[in-house]
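Peer 1: Okay, predicted coordinates and the sequence, questions at the end:
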Amino acid sequence: MPTIRLDNLVKRYGAVEVLHGIDLSMEENEFTVLVGPSGCGKSTTLRMIAGLESVSEGEIYIDDRPVSHLEPKERDLAMVFQDYALYPHMNVAKNMSFALRLEKRPKAEIDRKVREVADMLGLTPFLHRKPGELSGGQRQRVAMGRALTRDSATFLFDEPLSNLDAKLRGQMRAELALMRQRVHKNMIYVTHDQIEAMTLADRIVVMHGGYIQQQGTPEELFKHPVNKFVAGFLGTPPMNFLDAEVVDRDGAVWLIGKGFELALDGEHAAAAKAHRKRHVTLGIRPSDLDFDAEAGNETSLELRVIVSEYIGAHSVLMCDCGGQQVVVELKSETPIPLGETLRFRVNPAGMHLFDRETENAI
Amino acid sequence: MQRATLNRMTPYAFMAPAAIVMVIALLYPLLYMVWGSFRDWNPAQTIGETEFVGFKNYVTLFYDPAFRESLSVTLRFAVIVVGVEMVIGVGLALLLDRNIRGMSVLRTLFILPMMIAPVVVGLMWRYMYHPTVGTFNRFLKSIGLEGVDWLGQNALMSVIIADIWQWTPFIFILALAALQSLPRSALEAARIDGATPWQQIWHIKIPLMMPVLIVTCLLRLIDAFKVLEVILVMTEGGPGLSTEILALRISRTATEFRELGVAAAMSNYLLMLLLILTALMFAYTKIQEAREARLRTAAEEDL
Ligand SMILES: Nc1ncnc2c1ncn2[C@@H]1O[C@H](COP(=O)(O)OP(=O)(O)O)[C@@H](O)[C@H]1O
Ligand SMILES: [Mg+2]
């Protein structure tokens, strides 16, 4: 199984540069997810790896072999497209076997392969249908099956689930995770949905504006985002951001903002002290706030509850903190009275500080 | 009258003028022709003075070697012309379906021949085919070859070449439009699946263009059966009967031989031929639509 490496990859359309030097290397058998908002260059990156777009600068290496001058078929990869890109005039079996038939493989082998994959994806009853006669979810499966019938070393997925409705998407996501355990291949998966990224990835690559913002395991990115963008992009509900000043007082380091004064613990205090600028942004995930009437002033926020949404296992509160909105996620089932001002303890390990100008983590 | 009835009649009231014009301008001459085809009719006579002869005109024609020759010329002309035009037109479309600078100018140039009036096309080619001062023979002689007897011995071929020159663009633009509306991602998928450019053409592009190509082909066939002006100007059907296509034969029968009844019968033969082609075309689109409807319902059932 080969490794794939992108070396300072640049893409220009005319005078417009949309990718500004992407450096990335993917290990064998790794499930890499490129995630980012729409228009950040994920598809372009993937299509360059596939060989569907030319490379403006830089190089793509598969197993240390430069491939940017090679045709897609010489790169040994399979791809699942966002709109599935099935061949409308071929039935499911023909769609899935197209690549093998082009290679002139023996008929028996082709049949066996198609049956095997169709079985795995539950497509056997539909083998003789044309794509037009299938529902969205089934077409999606055929697209997946077409990629699987070929024994390619690498699989590329471009937002394969984004055309499905929410329920089906959840189901297919689970199936993908399952398939991931059975099929040991390199997979590169593009999505704008951070939940897909978090649940499927071995390695997440967060992109924004044609740059890689951060890469690492889902846990690393969730716990230690390198900047405000990554922090706000991963996790639902998204992280709360509050403007604050770093102040030295009575030998301790304080974070003072509109409607709150928090004392920083040792690690954060040291970092904030080392960082010379005083204007920072405090980031706290909704799950790192907890209702606690007894909590001290210096470890808690005083929030006025505006809306409470009860969603089964937990509730989500929209609160106000000195004019800024703060979202809290509560595990407990204690009813929270609306309109009241309550204390919420801040999990010290869940505090993230960002420079207000550069937005980088401190 | 009730309001509802009135409402229902309104559309018909609006359509009535058009319907009346249709009946007068279209149906009346047509019926007149059919009626005339059963009569022995000289242009000097009004239709009331003519004698009813039943199917005699049709039967005579059926055994008339000149008519058969003319029918055969027409068939050969139409089949060869449309066949070659389809190949060249689709081929050009496949070749020029790319985004290179200057391509739009090239495309415009390619469709110019279609916009020239047929009579002008006929005259133009007649001069180019001229045995001594024509462009072609002068060129052939200048490179030391024998001149070709274009509008003499090879008249049908020459006429066919001119028609191909004029009408290939028609197929070219329709094929190009069909090509550009193909799903881009299916072609990209084919590239990833390892299809060479040729294989993409054979396995993906042509099959997906087929519905458009079939209708284009039928339209062109219908047109080719009715061709007249270019050939009239270039050869007047000669030499002998070698380029006397049906439309020309009909006109000569009516004017030269003064047999309006026979000419009408001949027109009806041509009309039947065209009707069959038109019916084929409609049948084809109907089948396509039915197939799509079936696909849709099947897809909805599985949701
Ligand atoms: N063919 C093209 N010509 C010009 N600009 C393009 C083209 N394709 C994509 N872009 C631009 O490149 C950027 C990245 O696009 P893309 O990779 O498709 O984003 P996404 O992350 O949503 O998949 C976008 O700003 C888009 O407008
Ligand atoms: Mg995209």
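Peer 2: Nice, I can see it. Ligands and ions are numbered 1, 2, ... in the order given.
Peer 1: Next, work out how far apart the residue in the stretch 51-200 of chain B that ligand 1 sits nearest to and B:R184 are.
Peer 2: Residue of the stretch 51-200 of chain B nearest ligand 1, by Cβ to the nearest ligand atom: B:N99 (10.3 Å). For the C-beta atoms, the positions are set from N, CA and C on the backbone; glycine is no exception. Going from B:N99 to B:R184 by Cβ to Cβ, to the nearest Å gives 12 Å.
Peer 1: between the two, who's got more neighbours?
Peer 2: Just comparing B:N99 and B:R184: by other Cβ atoms under 10 Å in any protein chain shown the higher neighbour count belongs to B:R184, 13 against 6.
Peer 1: quick one: pLDDT of the more buried one?
Peer 2: The predicted structure scores B:R184 at 89 on the pLDDT scale.
Peer 1: can you check the one 5 residues further on too?
Peer 2: pLDDT, B:A189: 94.
Peer 1: Can you check my assumption that it lies in a strand?
Peer 2: No. Following the definition DSSP: H, G, I helix; E, B strand; the rest coil, B:A189 is helix and is not counted among the residues of a strand.
Peer 1: And for it, the neighbour number?
Peer 2: The tally of other residues near B:A189 (other Cβ under 10 Å) stands at 28.
Peer 1: for it, what are its contacts?
Peer 2: Contact criterion Cβ atoms under 8 Å, 6 or more residues apart in numbering or on different chains gives A:79, A:81, A:85-87, A:146 as the residues in contact with B:A189.
Peer 1: Just list the residues touching the residue positioned nearest the centre of chain B, thanks.
Peer 2: Most central residue of chain B, judged by C-alpha distance to the mean C-alpha position with Cα atoms, centre = their mean, is B:D223 at 1.8 Å. Contacts for B:D223 were tallied using Cβ under 8 Å, 6+ apart; they are B:W167.
Peer 1: Doesn't the residue of the stretch 51-200 of chain B closest to ligand 1 lie inside a helix?
Peer 2: No. With three-state DSSP as the criterion, B:N99 is assigned coil and is not in a helix.
Peer 1: Now do the strands in the stretch 201-303 of chain B.
Peer 2: Counting by DSSP state E, counting those that start in this stretch, the stretch 201-303 of chain B yields no residue ranges for strands.
Peer 1: Low-confidence regions, the chain specifically.
Peer 2: You didn't say which chain, so I picked chain A. Segments of chain A classed as low confidence (criterion: pLDDT under 70) are A:1-2, A:333.
Peer 1: other chain: chain B
Peer 2: Segments of chain B classed as low confidence (criterion: pLDDT under 70) are B:1, B:298-303.
Peer 1: how about the residues of it that lie near chain A?
Peer 2: B:183, B:185-186, B:188-195, B:199, B:203-204, B:207-208, B:292, B:295-296, B:298-299, B:302-303 (Cβ under 8 Å from any Cβ of the partner chain).
Peer 1: Assign a three-state SS to the closest residue to A:V316 other than its chain neighbours, would you?
Peer 2: Of all residues not flanking A:V316 in the chain, A:E309 sits nearest, at 4.6 Å (Cβ to Cβ, 6 or more residues apart in numbering or on different chains). Per three-state DSSP, the secondary structure class of A:E309 is strand.
Peer 1: Which neighbouring elements make contact with the longest helix belonging to chain B?
Peer 2: Looking across chain B with DSSP state H, the single longest helix is helix B:260-301. With contacts defined as 3 or more Cβ pairs under 8 Å, 6 or more residues apart in numbering or on different chains; DSSP states H and E, the secondary structure elements packing on helix B:260-301 are helix B:28-36, helix B:56-63, helix B:206-225, helix B:246-255.
Peer 1: Run the angle between that helix and helix B:28-36 for me.
Peer 2: Helix B:260-301 runs at 120 degrees relative to helix B:28-36, counting by axes from the mean of the first three to the mean of the last three Cα atoms, to 10 degrees.
Peer 1: Dump the contacts of B:A189 to CSV, plus neighbour count and distance to chain B.
Peer 2: As requested, the contacts of B:A189 are exported to CSV (neighbours: other Cβ atoms under 10 Å in any protein chain shown; distance: Cβ to the nearest Cβ, whole Å):
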residue, neighbour count, distance to chain B
A:M79, 29, 5
A:F81, 26, 5
A:A85, 24, 4
A:L86, 25, 7
A:Y87, 23, 6
A:R146, 28, 8
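Peer 1: Same list (those) but as JSON lines, adding distance to B:L123.
Peer 2: Output for the contacts of B:A189, formatted as JSON lines (distance: Cβ to Cβ, whole Å):
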{"residue": "A:M79", "distance to B:L123": "56"}
{"residue": "A:F81", "distance to B:L123": "54"}
{"residue": "A:A85", "distance to B:L123": "51"}
{"residue": "A:L86", "distance to B:L123": "52"}
{"residue": "A:Y87", "distance to B:L123": "48"}
{"residue": "A:R146", "distance to B:L123": "57"}
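Peer 1: which two in those are spaced the farthest apart?
Peer 2: Farthest pair in the contacts of B:A189 (Cβ to Cβ) is A:M79 and A:Y87. Separation: 14.0 Å.
Peer 1: now, which of the contacts of B:A189 lie within helices?
Peer 2: A:R146.
Peer 1: Can you tell me which of the contacts of B:A189 end up in strands?
Peer 2: Where those overlap with strands, as defined by DSSP state E, the overlap consists of A:M79.
Peer 1: out of the contacts of B:A189, which one sits closest to A:G132?
Peer 2: Where the contacts of B:A189 are concerned, and distances follow Cβ to Cβ, A:G132 has its nearest neighbour in A:L86, at 9.2 Å.
Peer 1: Tell me which residues of whichever helix in chain A runs longest come out buried.
Peer 2: Of all the segments of type helix in chain A, defined by DSSP H, the longest one is helix A:166-182. Of the residues in helix A:166-182, those scored as buried under the neighbour-count criterion (16 or more other Cβ atoms under 10 Å in any protein chain shown) are A:168-169, A:172-173, A:175-176, A:179-180.
Peer 1: With distance to A:G283 as added columns, please give these in a markdown table.
Peer 2: Supplementary listing: those in a markdown table, determined by distance: Cβ to Cβ, whole Å:
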| residue | distance to A:G283 |
| --- | --- |
| A:L168 | 34 |
| A:R169 | 28 |
| A:M172 | 32 |
| A:R173 | 27 |
| A:E175 | 34 |
| A:L176 | 30 |
| A:M179 | 35 |
| A:R180 | 31 |
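Peer 1: ok, the residue nearest to A:V316 - contacts?
Peer 2: Counting by Cβ under 8 Å, 6+ apart, A:E309 makes contact with A:315-318.
Peer 1: Would you mind trimming the residues you listed to those in range of ligand 1?
Peer 2: Applying Cβ under 6 Å from any ligand atom, the subset of the contacts of A:E309 adjacent to ligand 1 is empty.
Peer 1: follow-up on the earlier one: I'd like to know which of the buried residues of helix A:166-182 is nearest to chain B.
Peer 2: A:L168 (9.9 Å; Cβ to the nearest Cβ).
Peer 1: Could you report the separation of the closest one from ligand 1?
Peer 2: Taking Cβ to the nearest ligand atom, to the nearest Å as the criterion, A:L168 is separated from ligand 1 by 22 Å.
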